[in-house]
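> need a structure here:
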Amino acid sequence: MYPPLSHLVHKVLRHPKAERRPSRPAWKTTDVRRIAETKCGMKIMVRYGGPEDAAALSDFHRRQRPEDLQFRFLTAMSTVSPERIAEMLNGDHEHKAIVLAFEEHGRTVLGYALVAGDNRFDTAEIALSVDPSFRRRGIASLLVYEAERFAESRGYGASLLIGSRQNRAVIELERSLGYSVRTMPDDATLSMAERSLAG
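I've put the predicted structure just below:
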């Protein structure tokens, strides 16, 4: 439903004044794994993703409709390349991670939230996608919450979602989660949703 992490994040990822923080211990996908219940009562398994999830994420994207891929990547495409999937799963878990939602027994990906932040720990951008067959069951809200938890735990002050202004369902979701939604200043076809993560 959302584009690749935007130029806004990439502009500051290598900012010369970026704050340097102590490196964290090596992270494994098995470190965070739990069964969560959506607001509609659906039980799903939530965990961070890694390179071993490439096949499951590829299968997820093969189930997407063309318009879903266009909303997510903001370009017409019929498939998501192995290289792009590998990039999505290659998080440093300091600034970038992917949160995967599986069916309860952990075999099929139902959705994901890709989160990446700038090196100044100001803003973390969230890109979201949910299987069309499982929408309106609270999965998207849960994924946004998990992505925000990652950003907050790293010290980010705000979260940001960027998407097509035509995707009214997602804009409605963002507003219901307390995001302030406006048109992107340099692209009237896109919406930008922001929310402070300060306690």
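
> can you pull out the strands in this protein?
For the chain, applying DSSP state E gives strands covering 33-37, 43-48, 96-103, 109-117, 123-130, 158-164, 180-184, 187-196.

> Tabulate the CA atom coordinates of the fifth one in PDB.
Once side chains and other backbone atoms are set aside, the C-alpha atoms of strand 123-130 remain, and they are given as PDB (Å, rounded to 0.1, in the frame of the first residue of the first chain):
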ATOM      1  CA  THR A 123      11.700  10.400  11.900                       C
ATOM      2  CA  ALA A 124      11.000   6.800  11.100                       C
ATOM      3  CA  GLU A 125       9.100   6.100   7.900                       C
ATOM      4  CA  ILE A 126       6.700   3.100   7.800                       C
ATOM      5  CA  ALA A 127       5.700   1.300   4.500                       C
ATOM      6  CA  LEU A 128       2.700  -1.000   4.900                       C
ATOM      7  CA  SER A 129       1.100  -3.800   3.000                       C
ATOM      8  CA  VAL A 130      -1.600  -6.400   3.800                       C
END
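
> what lines up beside that strand in the sheet?
For strand 123-130, the paired strands and their directions (DSSP bridges) read strand 109-117 (antiparallel), strand 158-164 (parallel).

> most neighbours per residue, which of those?
strand 109-117 (a mean of 26; mean count of other CB atoms under 10 Å). Any C-beta I mention is one placed from the backbone N, CA and C, and that applies to glycine too.

> Alpha carbons of that strand, as PDB, please.
Only the C-alpha atoms of strand 109-117 are listed here, as PDB (Å, rounded to 0.1, in the frame of the first residue of the first chain):
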ATOM      1  CA  VAL A 109       2.700 -13.900   5.500                       C
ATOM      2  CA  LEU A 110      -0.500 -11.900   5.800                       C
ATOM      3  CA  GLY A 111       1.200  -8.500   5.800                       C
ATOM      4  CA  TYR A 112       4.200  -6.500   6.800                       C
ATOM      5  CA  ALA A 113       5.400  -3.100   7.900                       C
ATOM      6  CA  LEU A 114       8.800  -1.900   6.700                       C
ATOM      7  CA  VAL A 115      10.200   0.800   9.000                       C
ATOM      8  CA  ALA A 116      13.400   2.800   8.400                       C
ATOM      9  CA  GLY A 117      14.600   6.000  10.100                       C
END
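
> And it, how far out from the chain middle?
Mean C-alpha position of strand 109-117 versus that of the full chain (CA atoms, centre = their mean, to the nearest Å) differs by 3 Å.
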